Structures are given as structure tokens and as C-alpha cells.
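Undergrad: this is a predicted model, with the sequence first.
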Amino acid sequence: MPSTTEHAVRQLEAALQSLEYAVEQRLSQATGADGLAEEVQMLTTDRAELAEALDHAKAHAARLEHINRDVARRLESAVATVREILQADEEDG
């Protein structure tokens, strides 16, 4: 099951693809150089913002992955310690 961050990254990637498709559609439908240039500028700005958000989401996902591995390692260590204590208690008792 994908994590929330992975889901967000997929959504951003889908949004970028949709934006690129919209740019292509607008370019093919636009009339007049001024309107076209303005439309392209707006779409380019939107795409840059989405790309930046995607980069941030990917970096955040990588950090969370690292933290998750660290927590898992610590939990495994704690479980091993508890087992050792319980085993030693059983042997003494």
C-alpha cells in the first residue's frame, strides 16, 4: 500500500502530465500571437511551480524513508533487548 507521500508524488506527476497536455491543446487551439504568448507564459509558470512542488515532495519522501528505516532498526534493537531480558529472567526464575 503506497504511503501518503508516495501518493502525493504520483498526484503531482499526474498533474504535470495533465499540464503538459493542456499546453499542447492550448497551443493547437490558440489564435493570435499575443494571446498565445500570454497563455504559454502562464502555463510555463504553472509547470515550474508544479515541478518545484514535485521536487519537494520527492525530497520529503526520501527523508521519510530514511527516518522509517532508522525507526525500524531501533525497534528491532529494542525488541531484541526485551527478549534478552525476558530470557534472562526466565533462566533466573
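TA: Received, thanks.
Undergrad: for Arg10, give its distance to Glu24.
TA: From Arg10 across to Glu24, the span is 21 Å (C-beta to C-beta, to the nearest Å). Bear in mind the C-beta positions are built from the backbone N, C-alpha and C, glycine included.
Undergrad: quick check: Leu50 touching Leu19?
TA: Yes. Assessed by C-beta atoms under 8 Å, Leu50 is found in contact with Leu19 at 6.2 Å.
Undergrad: lowest-pLDDT helix or strand in the protein?
TA: helix 4-29 (a mean of 82; mean pLDDT, DSSP states H and E).
Undergrad: where does this protein dip in pLDDT?
TA: The model of the chain has pLDDT under 70 over residues 1-2, 29-34, 93.
Undergrad: the same query, at a cut-off of 80, please.
TA: Low-confidence segments of the chain (pLDDT under 80): 1-3, 5, 24-37, 93.
Undergrad: so which elements touch the longest helix seen in it?
TA: If you go by DSSP state H, the chain has its longest helix at helix 33-92. Helices and strands touching helix 33-92, as assessed by 3 or more C-beta pairs under 8 Å, 6 or more residues apart in numbering; DSSP states H and E, comprise helix 4-29.
Undergrad: which ones are touching Leu16?
TA: The neighbours of Leu16, taking C-beta atoms under 8 Å, 6 or more residues apart in numbering as the test, are Arg47, Leu50, Ala51, Leu54.
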